[in-house]
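Student: below is the sequence, then the predicted model.
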Amino acid sequence: MDERILLVDYENIQAVDLEALPSDVKVRFVLGGKQASLPSTLSVRAHSMGERFAYVQVLSVEHNACDFCIAYYLGAYLQLNPKAECVILSKDKKGFDPLVKHLTVEKGFKVRRVNAQKEAFAESSGSKPKTSFERLKALLKEDKVLPKKRKALERKVKSWFQELSADERNVLVERLFREGFVSESETGITFERSRLR
């Protein structure tokens, strides 16, 4: 299995349960300039993770300082581990989503941004989807803004399933339409959100 890493924008999200993470996931916390330290309970859990856990404190309190720091460490990590799955835990959509799109669609890396830890890795939220199609439905269900055009859906599926061939990804997309999860008209595509649950 390729390496997996969770980059936490701790200035933005403090609700992190290290014990709920899969045992192979590495965690990198980025603390803001106003955060002097981690809470003691979190520090104890982090210590028990050994080399799987690391943190850096950004000394600056300037706007977006943590975001740029995370972008730096993400790039450095991908340079060393280009096949790694990297997840950014941050609610800063405007800051990270353009970077994530560039890295996934244009560069072919496995990078995502999530709003909550439960969205980061399927195993940590209970049951892992068994098939690619189940995983696709789960990812679409979690997605806040679903694509409005077929090409945009195909790009999204490509970024989520880089390990699959183009033909395999096309089968997934076609199945969404065939089984009524998505319908298409002249103006674009429409998702049946109730069916994704």
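Tutor: In hand now; what should we look at? Residues are numbered from 1 along each chain as shown.

Student: tell me who's in contact with the residue nearest the centre of the chain.
Tutor: Geometric centre of the chain, nearest residue: residue 112, 2.8 Å, by CA atoms, centre = their mean. Contacts for residue 112 were tallied using CB atoms under 8 Å, 6 or more residues apart in numbering; they are 86-88, 100, 104. The C-beta positions use only the backbone N, C-alpha and C, and glycine is treated the same way.

Student: which ones among these map onto strands?
Tutor: 86-88 (DSSP state E).

Student: in the helix of greatest length in the chain, what's buried?
Tutor: Ordering each helix of the chain by length in residues (DSSP state H) puts helix 65-80 first. Across helix 65-80, burial judged by 16 or more other CB atoms under 10 Å covers 65-67, 69-71, 73-74, 77-78.

Student: if we can go back for a sec, most neighbours among the ones in strands among the contacts of residue 112, which one?
Tutor: Of all the ones in strands among the contacts of residue 112, the most densely surrounded is residue 88 (26 neighbours; neighbours counted as other CB atoms under 10 Å).

Student: look up how far residue 188 lies from that one.
Tutor: 29 Å (CB to CB, to the nearest Å).

Student: could you check the pLDDT of the residue lying closest to residue 196 once chain neighbours are set aside?
Tutor: Among residues not flanking residue 196 along the chain, residue 141 sits closest, at 4.3 Å (CB to CB, 6 or more residues apart in numbering). Looking at residue 141, its pLDDT reads 82.

Student: would residue 141 count as being in a helix?
Tutor: Yes: assigned with DSSP: H, G, I helix; E, B strand; the rest coil, residue 141 falls within a helix.

Student: quick check: it vs residue 180, distance?
Tutor: Residue 141 is 15 Å from residue 180, by CB to CB.

Student: neighbour count winner among those two?
Tutor: Using other CB under 10 Å as the criterion, residue 141 and residue 180 rank with residue 141 on top: 13 against 9.

Student: kindly provide the distance from the more buried one to residue 135.
Tutor: Distance from residue 141 to residue 135, counting by CB to CB: 11 Å.

Student: same check on residue 56?
Tutor: Per CB to CB, residue 56 is found 32 Å from residue 135.

Student: the residue lying closest to residue 160 once chain neighbours are set aside: neighbouring residues, count only.
Tutor: Spatial nearest neighbour of residue 160, excluding adjacent residues (CB to CB, 6+ apart): residue 139 at 5.6 Å. The tally of other residues near residue 139 (other CB under 10 Å) stands at 19.

Student: doesn't residue 159 make contact with residue 139?
Tutor: No: at 10.0 Å, residue 139 does not count as touching residue 159 under the criterion of CB atoms under 8 Å.
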